[in-house]
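Trainee: any chance you can model this:
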Amino acid sequence: MTKTKSLQAREYAEKKIPELLLTIEKAPWPKTREILAKAYTDGCAAAEQSMTDSEATVIQGWVAIDEAYGEAFLHEKKPILKNQPIADTGDYNCVWHSDSKTYLLDAGLFPDMDCESEPREVEITIKPKKR
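Mentor: Numbering: from 1, shown residues only. Model (predicted):
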């Protein structure tokens, strides 16, 4: 079971208690209360980051640009170049092929690549938008 943000924040603050006990001896109660509140706030921020990171999805693969489609494709495995004939012209389009799952991407994301560029190994992270 995943801990709630509030529970994670409280646990984080409780870990700060030894440090706070030393502070209590030296500082008046309002200052101690301020330190406790900050520890709780820091715990909330840490818990939120932890929860966001755990919900992230990472896709790894190789990006290649296909001339025939004019699009970028993310291949799970490194693709190889295969020339594809253009009907009745005798010309060929360069097309990258792999025996793996592929994802369509906007070629504009890779302005420095074209169909003759070697595939580029990439990692794409998808995570929920912060509210």
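Trainee: dump the longest strand out of those in the chain to PDB, restricted to CA.
Mentor: In the chain, taking DSSP state E as the definition, the longest strand is strand 57-66. Output of strand 57-66 as PDB, limited to C-alpha atoms (Å, rounded to 0.1, in the frame of the first residue of the first chain):
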ATOM      1  CA  THR A  57       6.900   6.000 -17.100                       C
ATOM      2  CA  VAL A  58      10.200   5.800 -19.000                       C
ATOM      3  CA  ILE A  59      10.400   4.600 -22.600                       C
ATOM      4  CA  GLN A  60      13.900   3.800 -23.900                       C
ATOM      5  CA  GLY A  61      14.700   3.200 -27.500                       C
ATOM      6  CA  TRP A  62      16.200   4.500 -30.800                       C
ATOM      7  CA  VAL A  63      14.900   7.400 -32.800                       C
ATOM      8  CA  ALA A  64      15.200   7.300 -36.600                       C
ATOM      9  CA  ILE A  65      13.700   9.500 -39.300                       C
ATOM     10  CA  ASP A  66      11.900   7.700 -42.200                       C
END
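Trainee: can you pull the buried residues of that strand?
Mentor: Within strand 57-66, the residues that qualify as buried are 61-66, counting by 16 or more other CB atoms under 10 Å. For glycine as for every other residue, the C-beta is placed from the backbone atoms N, C-alpha and C.
Trainee: show residues contacting that strand.
Mentor: With contacts defined as CB atoms under 8 Å, 6 or more residues apart in numbering, strand 57-66 is touched by 71-79, 93-96, 98, 100, 103, 105, 107, 110, 113-115, 117, 119-127.
Trainee: from Ala68, how far out is Ile124?
Mentor: Ile124 is 23 Å from Ala68, where distance means CB to CB, to the nearest Å.
Trainee: re earlier: partner strands of the longest strand of the chain, with direction?
Mentor: When pairs are called by DSSP bridges, strand 57-66 turns out to pair with strand 71-75 (antiparallel), strand 120-126 (antiparallel).
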